[in-house]
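Q: what follows is a predicted protein model with its sequence.
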Amino acid sequence: MRLITLDDIIETYTKFRQRGLPFIMSKLNLNAIKRTKSAFNELDISSANWWIIPKVQKRWNLLITGDPNLEYEDFVMQNYLSDHKDLKMLSLGSGICSHELTFAGYDNFKEILCLDINEVLFDQARKIANEKGLKSIHFQIQDLYRYEFPENYFDIVLFHASLHHFKDIENLVGKKIKKTLKSDGKLIINEFVGADRLQFPKHQITATNTALQSIPRSYRKRFKLNIYKNKFYGSGMIRMILADPSECVDSSQIMPSIHKHYKTIYEASYGGNLLPNVLKDIAHHFVTLNKEKEDILDQLFEYEDTYIKNHSSDFVFGIYQNT
């Protein structure tokens with residue numbers, strides 16, 4: 001366990017440059033829920049993370065759906081739900097609801113209920129739903145830990161990058177979600193399932209640094225900073241808890257709990273063991289590509305593919321059947 005690292009100091013300074021002093025001060029709030037909300041309460045956060053790179057997004061699609069141009073929502077509808085009608089979906093920790101809004105565009109759904117604690121993101125999602133005339137999707141400000149799950153009600157429960165924010169995964173997945181799903185209901189996840197509190201093992205940090213050093217120095221200048229990214233040190237526990245007390249609080253138990261209580265219908269690993277930490281704060285260099293940058297990303301993809309041949313993937317997409 002690492003209490004504090006050099007990356008913690010750099011990350012704090014970066015967040016100050018990106019989001020200002022009020023954001024930094026919000027992390028000193030004694031209320032854990034308010035600290036969590038502050039991590040997600042802005043619509044247009046300027047950052048440079050792996051998810052902003054179009055080539056990375058196409059890699060996800062390829063590894064999840066087999067087609068770099070096919071998003072997982074359309075993959076699910078085409079292959080698993082095309083003949084179903086009047087579906088009821090529950091999405092927990094849905095944030096801006098971009099994926100739920102995509103599902104709501106299909107007339108297969110009677111009800112899509114999104115639960116989250118963030119009013120700012122829901123206001124934006126509600127505006128989009130109204131503009132598109134989507135009638136099946138609804139938004140409810142709700143603390144999941146106080147939500148009364150209706151029994152045998154939902155056909156689908158969706159977690160998109162949210163399940164790793166919940167504690168006591170075994171109880172949530174094995175009891176509450178099972179209870180609210182119909183007997184033939186499906187649990188769908190697109191999740192980080194790696195180390196709790198991002199306390200990566202030494203071999204993963206070493207592999208990350210090997211990949212990082214393969215990038216020319218000119219592409220390692222940090223976003224909005226006049227310093228270069230030369231080494232990855234990992235996250236300290238103190239910053240993890242202060243920045244967002246919910247972040248990866250029980251993430252290592254996601255896959256064991258799901259495999260214990262559900263039948264696997266479809267499961268696809270898409271890495272994320274090296275790329276997020278290699279590209280954090282330097283991803284902006286690779287949004288627009290030339291031949292050199294294409295080659296750099298291809299080499300990084302190869303590093304990660306080689307690594308996950310011998311280690312479980314940190315990110316998983318899966319469809320699971322209630323049993």
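A: Structure received.
Q: only C-alpha atoms from now on, for both contacts and neighbour counts.
A: OK.
Q: mind listing what's buried along the host helix or strand of residue 267?
A: For residue 267, the host element (DSSP states H and E) is strand 262-269. For strand 262-269, the neighbour count (16 or more other C-alpha atoms under 10 Å) marks 262, 268-269 as buried.
Q: quick check, nearest of the residues you listed to residue 185?
A: residue 262 (10.1 Å; C-alpha to C-alpha).
Q: host element of residue 317?
A: Going by DSSP H and E, residue 317 is part of strand 315-322.
Q: other SSEs contacting that strand?
A: Using 3 or more C-alpha pairs under 8 Å, 6 or more residues apart in numbering; DSSP states H and E, the elements in contact with strand 315-322 are strand 181-192, strand 262-269.
Q: of all those strands, which lies closest to residue 245?
A: Distance to residue 245, taken as C-alpha to C-alpha, is lowest for strand 181-192 among the helices and strands packed on strand 315-322, at 15.9 Å.
Q: of all the residues in that closest one, which ones are buried?
A: Buried residues in strand 181-192, counted by 16+ other C-alpha under 10 Å: 181-182, 185-192.
Q: greatest separation within these: which pair is it?
A: Using C-alpha to C-alpha, the buried residues of strand 181-192 span at most 25.5 Å, a distance reached by 182 and 192.
Q: now render the helices and strands packed on strand 315-322 as JSON lines, adding distance to residue 294 and mean pLDDT.
A: Formatted as JSON lines, those follow (distance: least, C-alpha to C-alpha, whole Å; pLDDT from 0 to 100):
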{"stretch": "strand 181-192", "distance to residue 294": "26", "mean pLDDT": "98"}
{"stretch": "strand 262-269", "distance to residue 294": "23", "mean pLDDT": "98"}
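Q: of those, which is nearest residue 141?
A: Of the helices and strands packed on strand 315-322, nearest to residue 141 by C-alpha to C-alpha is strand 181-192, at 20.8 Å.
Q: name the helices or strands packed onto the closest one?
A: In terms of contacts (3+ C-alpha pairs under 8 Å, 6+ apart), strand 181-192 is packed against strand 154-160, strand 315-322.
Q: on that earlier part again, let's have the buried residues of strand 181-192 in JSON lines, adding distance to residue 211.
A: Below are these laid out as JSON lines (distance: C-alpha to C-alpha, whole Å):
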{"residue": "181", "distance to residue 211": "42"}
{"residue": "182", "distance to residue 211": "45"}
{"residue": "185", "distance to residue 211": "41"}
{"residue": "186", "distance to residue 211": "37"}
{"residue": "187", "distance to residue 211": "34"}
{"residue": "188", "distance to residue 211": "31"}
{"residue": "189", "distance to residue 211": "28"}
{"residue": "190", "distance to residue 211": "25"}
{"residue": "191", "distance to residue 211": "23"}
{"residue": "192", "distance to residue 211": "20"}
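Q: so where's the stretch 51-200 of the chain uncertain?
A: Under the criterion pLDDT under 70, no range of the stretch 51-200 of the chain is flagged.
Q: got the helices and strands packed on strand 181-192 as CSV, with distance to residue 4 columns?
A: Compiled in CSV, these are given as follows (distance: least, C-alpha to C-alpha, whole Å):
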stretch, distance to residue 4
strand 154-160, 29
strand 315-322, 25
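Q: picking up where we left off before, pull the CA atoms of the strand holding residue 267 into CSV?
A: What follows is strand 262-269, C-alpha atoms only, in CSV (Å, rounded to 0.1, in the frame of the first residue of the first chain):
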residue,chain,number,x,y,z
TYR,A,262,-24.7,-15.2,-12.7
LYS,A,263,-24.3,-17.2,-15.9
THR,A,264,-22.0,-15.6,-18.4
ILE,A,265,-23.7,-14.9,-21.7
TYR,A,266,-20.9,-12.8,-23.2
GLU,A,267,-17.7,-11.4,-21.8
ALA,A,268,-14.9,-9.4,-23.4
SER,A,269,-11.7,-8.1,-21.9
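Q: okay, now the sheet partners of it, with direction.
A: Neighbouring strands of strand 262-269 in its sheet, by DSSP bridges, are strand 315-322 (antiparallel).
Q: what's the partner strand in contact with?
A: With contact meaning C-alpha atoms under 8 Å, 6 or more residues apart in numbering, strand 315-322 is reached by 64, 178, 181-194, 258, 261-273.
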